[in-house]
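Visitor: Give the three-dimensional model of this entry:
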Amino acid sequence: GVLLGWAVGSVTLTRLVPGLPAMVPLTAWGLMLTACTELALGGGTAASRRLGGVLGLGVVLLSALLLSTYFGESSRRDALVQALGGRTSPQSASLLLMLGLALTLRDARGRWARRLFQALALGALFLSFSVLVAYSFQEPRAYWFAGRGIGIALHTDVALLLLSLGALLLRPEQGAVGAFLHAGAGGIMARRLLPALLVPVVGGVVAHQTLRYTRMDPRRVWSLLEVAQAAVLTWVVWRAATRLNALHAEQLRAEERTREDARAQRRLAEENARLYAEAGEAARAREDVLAVVSHDLKNPLSTVRLGTGMLARRLDALPEGAALQRHVAAIDRAATHMQDLITRLLDAARLDAGQPLVMDRHPEPVEPLAVEALALVEPQAQDKGVRLEHRLVPGLSASCDRPRILQVLANLLGNAVKFTPPGGTVTVTATPGAGAVRVSVRDTGPGIPKAHQARLFQRHWQARDTAHQGSGLGLYIACGIVTAHGGCLWVDSDEGAGTTFTFT
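Guide: Residues are numbered from 1 along each chain as shown. Prediction:
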């Protein structure tokens with residue numbers, strides 16, 4: 001706007017008021033360069049900050065050039081002034097130099113560089129504010145340069161004041177700006193008391209204008225000014241104190257809530273300790289019961305199985321033994337089932353306690369092991385009308401505990417036969433992998449819902465519609481056995497497309 005005013009000869013744009021100093025074109029260019037520097041330094045990229053550093057150096061050089069018009073031989077000074085299109089006031093040039101140096105140091109590292117940045121920016125702010133106060137009191141010695149007929153324009157000073165404040169806000173976390181913007185009680189109080197800084201200035205201007213345009217007694221004017229200033233300052237302090245008191249009360253309430261939360265945490269910790277102790281007692285009691293089960297029931301069950309075997313052989317020699325053979329076989333199956341349940345409970349107890357299952361591993365051929373597992377479930381499959389198939393790569397072997405892996409395969413095959421409808425197929429495949437053998441059991445059953453798959457290997461978990469068909473320990477123990485071998489067990493299933501259990 002000022003450059004346009006010089007182009008069209010507008011006094012309003014260049015001087016604001018006739019008789020006041022004018023803003024010369026070079027001052028306008030310097031202010032525009034300073035504003036561009038602050039915009040670049042406030043950018044979020046490294047490139048914009050580098051550009052800001054270069055522009056800040058340009059502000060320093062321009063202000064130094066403007067100050068040089070006041071030094072050296074008069075003929076050279078006049079030639080330089082004529083070349084520049086006018087002489088900038090020393091106040092404007094000095095303030096531009098201070099701002100340029102401050103902006104150049106904005107990204108400098110080191111404590112002293114940061115302090116110098118703050119000092120230069122604050123110095124420019126206070127000096128421009130002093131000139132503005134001089135304009136308010138119409139004190140020309142502050143804004144005219146003595147004996148030169150050159151001065152700092154009012155709008156130049158306002159622009160420099162705003163640019164100084166903008167420079168400080170480029171580092172809002174440091175110095176005086178950081179104290180005013182802090183979220184703590186000190187920052188809140190500073191912001192509340194900040195308007196009080198304007199009270200002496202406004203009061204002084206009002207008193208000055210009153211004395212200038214009226215005939216009131218100066219003692220009365222200044223007395224009224226002191227009373228008004230005291231009243232305004234009292235109101236500002238009261239507002240700040242009220243806010244701080246409210247913050248203090250909120251802090252006390254927050255501390256009380258913190259103490260209550262701490263007490264609740266202590267009660268919860270005590271309750272957790274008690275529950276942990278009770279859980280430990282329950283775990284020990286369970287282990288005692290399982291020890292009794294394993295010791296006192298396994299031996300009698302072995303005796304029962306031994307007796308049923310002998311009885312079955314004796315009955316084969318008797319003419320009427322065939323009629324009783326079915327009952328003996330039922331007793332043997334029940335005893336076998338009870339032994340299997342005891343073994344599962346002991347395995348589950350070890351897994352629950354975080355104890356790995358002990359494996360006796362030896363190199364074993366995979367094909368005979370899979371064939372034996374298929375033979376175990378073949379009667380069940382024939383009764384249901386399910387076809388059993390195997391696709392085994394010949395010659396595969398793995399280091400494993402044969403009875404345990406047979407237990408895993410038998411469990412997976414038994415589940416597959418159980419949930420495959422008549423006419424379906426259960427297939428076992430074994431293929432070599434990276435340092436392991438990969439075994440899969442696939443069925444053509446109804447599949448497993450996605451919501452159930454993540455819980456299949458949890459202890460005692462069963463779907464609601466199949467809860468009556470087992471103990472819920474089979475897959476839990478199978479996963480523990482495979483993990484003890486250093487392998488993995490997982491499931492792939494889509495509803496209506498069958499299910500595949502795979503382990504390595």
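
Visitor: All the helices of the stretch 1-150 of the chain, residue numbers only.
Guide: For the stretch 1-150 of the chain, helices defined by DSSP state H, counting those that start in this stretch occupy the ranges 2-8, 11-15, 25-41, 46-68, 74-84, 90-104, 111-136, 140-143.

Visitor: Pick out the shakiest of these, pLDDT-wise.
Guide: By mean pLDDT, the lowest-scoring of these turns out to be helix 74-84, with a mean of 62.

Visitor: for whichever strand or helix holds residue 343, which positions count as buried?
Guide: In the assignment (DSSP states H and E), residue 343 maps to helix 321-352. Of the residues in helix 321-352, those scored as buried under the neighbour-count criterion (16 or more other CB atoms under 10 Å) are 328, 332, 335, 338-339, 342, 344-351. Yep, even glycine has a C-beta here, placed from its N, CA and C like the rest.

Visitor: and what of stretch 428-437?
Guide: Buried residues in stretch 428-437, counting neighbours by 16+ other CB under 10 Å, are found at 428, 429, 430, 437.

Visitor: Equivalent analysis for stretch 119-139, please.
Guide: Residues of stretch 119-139 classed as buried under the neighbour-count rule (16+ other CB under 10 Å) are 120-125, 127-129, 131-132, 134-135.

Visitor: Check those residues against residue 498 and report the nearest one.
Guide: The nearest member of the buried residues of stretch 119-139 to residue 498, counting by CB to CB, is residue 121 at 75.3 Å.

Visitor: Just to check, residue 458 is in contact with residue 476?
Guide: Yes: A contact is recorded between residue 458 and residue 476 when judged using CB atoms under 8 Å, the distance being 6.6 Å.

Visitor: So which of the two has more stuff around it?
Guide: Using other CB atoms under 10 Å, the more surrounded residue of residue 458 and residue 476 is residue 476, with 20 against 12.

Visitor: picking up where we left off before, got the buried residues of stretch 119-139 as JSON lines, with distance to residue 375 columns?
Guide: Below are these laid out as JSON lines (distance: CB to CB, whole Å):
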{"residue": "120", "distance to residue 375": "93"}
{"residue": "121", "distance to residue 375": "90"}
{"residue": "122", "distance to residue 375": "93"}
{"residue": "123", "distance to residue 375": "97"}
{"residue": "124", "distance to residue 375": "96"}
{"residue": "125", "distance to residue 375": "95"}
{"residue": "127", "distance to residue 375": "101"}
{"residue": "128", "distance to residue 375": "99"}
{"residue": "129", "distance to residue 375": "100"}
{"residue": "131", "distance to residue 375": "105"}
{"residue": "132", "distance to residue 375": "103"}
{"residue": "134", "distance to residue 375": "109"}
{"residue": "135", "distance to residue 375": "108"}
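
Visitor: shouldn't residue 135 be in contact with residue 144?
Guide: No: with contact defined as CB under 8 Å, residue 135 does not count as touching residue 144 (11.0 Å).

Visitor: was I right about residue 133 contacting residue 201?
Guide: Yes: the pair formed by residue 133 and residue 201 meets the contact definition of CB under 8 Å, at 5.9 Å.

Visitor: helix, strand or coil for residue 435?
Guide: For residue 435, the assignment made with DSSP: H, G, I helix; E, B strand; the rest coil gives coil.

Visitor: So it versus residue 343, what's the distance?
Guide: 30 Å (CB to CB, to the nearest Å).

Visitor: and the longest helix for the chain?
Guide: Criterion DSSP state H: the longest helix present in the chain is helix 218-317.

Visitor: packing partners for that one?
Guide: For helix 218-317, the helices and strands in contact under the criterion 3 or more CB pairs under 8 Å, 6 or more residues apart in numbering; DSSP states H and E are helix 185-193, helix 198-213, helix 321-352.

Visitor: Show me which parts of the shortest one are buried, residue by residue.
Guide: Going by neighbour count (16+ other CB under 10 Å), the buried part of helix 185-193 is 188, 189, 190, 192.

Visitor: these two touch, right, the first one and residue 246?
Guide: No: with contact defined as CB under 8 Å, residue 188 does not reach residue 246; the gap is 10.0 Å.
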